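# the following block contains a protein sequence and its predicted model.
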Amino acid sequence: MTPPADLLEGHRIVCHLDKVLADRGMTLTELAERVGVSIVNLSVLKNNHAKAVRFSTLTAICEALECNVGDILGLRP
Amino acid sequence: MERRLSGMLAVAQWVLGTLAVLSLLGAAAGVLGASGTRSLYDRHVPQAVADQAQRLWPQSASLPSSPVLVRASHWQDSYEVFNEIPKEGARMPQGWAELNPGSDDVVGHVGLLTFWDPGMLRRTAWLVAIAFIPAGLAWLWWTLSRMVGSARRADPFTHRNARRLAVAGALVALGPTFALLAQLGVLRWMLASSTAAGKADIWFRWESVPLWPLGVGLALLVLAAVWRHGVAMREDLEGLV
């Protein structure tokens, strides 16, 4: 039996960027412009395909969305 | 700039591919040429025919031959006695080997022994031994060509390329020594079943082992280790936002 994708990746971190963006009424393109990170990379993060996030990226996202790290990232049970 | 680099890589890939084909042709020529499989049929070659063959095909010099030390009991042998030259009209003895220089003088301590009739099996083993280096080179050029191809596709840092480099390093480091020892083994095997058996010995000096391929091969192995580390680092960075 093939193990679930999150076990293959070796983590249970989940990204809530889409929810936070929707709450703020902001598009991914707009966030990319504000944060200075490519839309491709932000899309990777939003779709839970990222394996690691730089502290600088997290800081920039949190500043742009006026939120905390816990609002963007969570731990899947 | 990127276009220029891509062009240079394309040229390099083409050159390496051509070298691979040439090396393969070299190996094939060694095996199929006048001194290759054709000589498999040169059983009981009369001296006149052999001389003619050497005139016609200078590469016949690559017939299995080796420097030998003549044993003391045969130092006084004449050319005819040592080489067991048959009387007029008789067939050459089976497994005939000729000690050069081929004059009527006393043979002496050292000479070059040519195996004119080593037999099908030994001859085939010899061809494999001499084809090893050009065939190995062909594989090496082809592998490098494929690595350059992966660089053209902007994907050179892969486990496959690291493995290719490691195998190439091992081949370059050990290949020439292996080929030399294989040729030596086959020559000794030929000597044991030739007319010169018990009259001369083939010797081996470790100084004759080329050292520079060992150095180049080790450098490639180190590069392969660095490459593998690079691949691991790349994998770590993949998916980093």
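On my side now, so go ahead.
# residue contacts, the residue in chain A that chain B sits nearest to?
In chain A, the residue that lies nearest chain B is A:K51 (3.3 Å; C-beta to the nearest C-beta). The C-beta positions use only the backbone N, C-alpha and C, and glycine is treated the same way. By C-beta atoms under 8 Å, 6 or more residues apart in numbering or on different chains, the contact set of A:K51 is A:E9, A:H11, B:E238, B:G239, B:L240.
# next: B:M190.
B:P64, B:A97, B:F115, B:P118, B:R122, B:W126.
# circling back to that earlier point, dump the contacts of A:K51 to TSV, plus secondary structure.
Formatted as TSV, the contacts of A:K51 follow (DSSP: H, G, I helix; E, B strand; the rest coil):
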residue	secondary structure
A:E9	helix
A:H11	coil
B:E238	coil
B:G239	coil
B:L240	strand
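# looking at these, spot the one nearest B:R146.
B:E238 (22.4 Å; C-beta to C-beta).
# contact partners for the residue of chain B found nearest chain A?
Distance from chain A to each residue of chain B (C-beta to the nearest C-beta) is smallest for B:G239, at 3.3 Å. Neighbouring residues of B:G239 by C-beta under 8 Å, 6+ apart: A:V44, A:H49, A:A50, A:K51, A:A52.
# thinking again about what came up before, farthest-separated two in the contacts of B:M190?
It's B:A97 and B:W126 that sit farthest apart of the contacts of B:M190, by C-beta to C-beta, at 13.0 Å.
# spit out the residues that contact those two alike.
Joint contacts of B:A97 and B:W126 (C-beta under 8 Å, 6+ apart) are B:P118, B:M190.
# neighbour count winner among those two?
B:A97 (27 against 24; other C-beta atoms under 10 Å in any protein chain shown).
# the more buried one contacts B:G111, correct?
No: using C-beta atoms under 8 Å as the test, B:A97 is too far from B:G111 to be in contact (10.7 Å).
# and chain B, what are its domain boundaries?
Chain B breaks down by automatic domain parsing into domains covering B:1-32+B:119-193+B:211-241, B:33-117.
# hey, least reliable of those domains by pLDDT?
For those, mean pLDDT drops lowest on domain B:33-117, to a mean of 68.
# quick one: end-to-end distance for stretch B:79-89.
End-to-end span of stretch B:79-89 (C-alpha to C-alpha, to the nearest Å): 18 Å.
# may I see the buried residues of it?
B:Y79, B:F82, B:N83, B:E84, B:I85 (16 or more other C-beta atoms under 10 Å in any protein chain shown).
# how about stretch B:110-128 as PDB, C-alpha atoms only?
Output of stretch B:110-128 as PDB, limited to C-alpha atoms (Å, rounded to 0.1, in the frame of the first residue of the first chain):
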ATOM      1  CA  VAL B 110      66.100 -11.000 -24.700                       C
ATOM      2  CA  GLY B 111      63.900 -11.000 -27.700                       C
ATOM      3  CA  LEU B 112      60.400 -10.200 -29.100                       C
ATOM      4  CA  LEU B 113      58.200 -13.200 -29.300                       C
ATOM      5  CA  THR B 114      55.400 -13.100 -31.900                       C
ATOM      6  CA  PHE B 115      52.600 -15.600 -31.700                       C
ATOM      7  CA  TRP B 116      51.600 -16.500 -35.200                       C
ATOM      8  CA  ASP B 117      49.400 -19.400 -34.300                       C
ATOM      9  CA  PRO B 118      48.000 -19.000 -30.800                       C
ATOM     10  CA  GLY B 119      44.700 -20.900 -31.600                       C
ATOM     11  CA  MET B 120      41.200 -19.600 -31.900                       C
ATOM     12  CA  LEU B 121      40.400 -19.400 -28.200                       C
ATOM     13  CA  ARG B 122      43.600 -17.600 -27.200                       C
ATOM     14  CA  ARG B 123      43.400 -15.300 -30.200                       C
ATOM     15  CA  THR B 124      39.800 -14.300 -29.300                       C
ATOM     16  CA  ALA B 125      40.900 -13.600 -25.700                       C
ATOM     17  CA  TRP B 126      43.700 -11.400 -27.100                       C
ATOM     18  CA  LEU B 127      41.200  -9.500 -29.300                       C
ATOM     19  CA  VAL B 128      38.900  -8.900 -26.300                       C
END
